[in-house]
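Student: sharing a sequence plus its predicted fold:
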Amino acid sequence: DAEITQSPRHKITETGRQVTLACHQTWNHNNMFWYRQDLGHGLRLIHYSYGVQDTNKGEVSDGYSVSRSNTEDLPLTLESAASSQTSVYFCASSEGTASYEQYFGPGTRLTVT
Amino acid sequence: AQSVTQLGSHVSVSEGALVLLRCNYSSSVPPYLFWYVQYPNQGLQLLLKYTSAATLVKGINGFEAEFKKSETSFHLTKPSAHMSDAAEYFCAVGGNNRLAFGKGNQVVVIP
């Protein structure tokens, strides 16, 4: 069965370190998304991609970057981790159609100390 | 730009009682609307979606939602709450190949 996976599931890092969160999907979807989930804020879009070599900033992109070298993967990098980036991160994917239904990964809980 | 509003971050409902979660949307084009559910320590799972076919949409686990254009609403209901319905529920509106999510409703089911 097709799926979307994230790794690691839990990560503790120190302020100032670079961290990369992995996202891998086997749906063969063109569109991929990264969100962060924080209490009282719901899900906020960090970055998204509509295909290989395409990346776009979302509403909370400062301090984050992504790259898309193939269809299956969209890694999220925190260039210099800050305590404000402690959160739960979700990756999602969708087909390149108008239905917009997104399929979500299980999430990565990141703690920056 | 599309947006949704969900009122009441926490909703308590007695087991067997009606579950009603409200969602109002703003969209400049005919909307695609979704309800997602998130169980503890899991990702989001699609409950149901509206894509301009029937205005009453049936989803999984006995949930349904009605699209009302005149009220710009897409409220989620379930006639009889079950303990397993305790979760967080998100309304979302689609546009420009992206989704905009509401802030969610945490549903607590009281035995």
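Tutor: In hand now; what should we look at?
Student: for chain A, which strand is longest?
Tutor: For chain A, the strand that runs over the most residues, judged by DSSP state E, is strand A:42-51.
Student: now for it, which elements pack on it?
Tutor: Using 3 or more CB pairs under 8 Å, 6 or more residues apart in numbering or on different chains; DSSP states H and E, the elements in contact with strand A:42-51 are strand A:31-38, strand A:54-57, strand A:64-66, strand B:98-101. To be clear about C-beta, it is placed using only N, CA and C from the backbone, and glycine gets the same treatment.
Student: distance to residue B:11 and mean neighbour count added to those strands, as TSV?
Tutor: Output for the helices and strands packed on strand A:42-51, formatted as TSV (distance: least, CB to CB, whole Å; neighbours: other CB atoms under 10 Å in any protein chain shown):
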stretch	distance to residue B:11	mean neighbour count
strand A:31-38	18	23
strand A:54-57	33	14
strand A:64-66	32	19
strand B:98-101	17	22
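Student: CSV for these, including distance to residue A:83?
Tutor: Output for those, formatted as CSV (distance: least, CB to CB, whole Å):
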stretch, distance to residue A:83
strand A:31-38, 13
strand A:54-57, 22
strand A:64-66, 15
strand B:98-101, 24
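Student: so which of the ones you listed is nearest residue A:25?
Tutor: strand A:31-38 (6.8 Å; CB to CB).
Student: mind listing what the closest one pairs with, with the direction of each?
Tutor: Looking at strand A:31-38 with DSSP bridges, its partner strands are strand A:42-51 (antiparallel), strand A:87-94 (antiparallel).
Student: which residues sit against that strand?
Tutor: For strand A:31-38, the external contacting residues (CB atoms under 8 Å, 6 or more residues apart in numbering or on different chains) are A:21, A:23, A:25, A:43-51, A:58, A:60, A:64, A:66, A:68, A:74, A:76, A:85, A:87-96, A:102, A:107, B:97-99, B:101.
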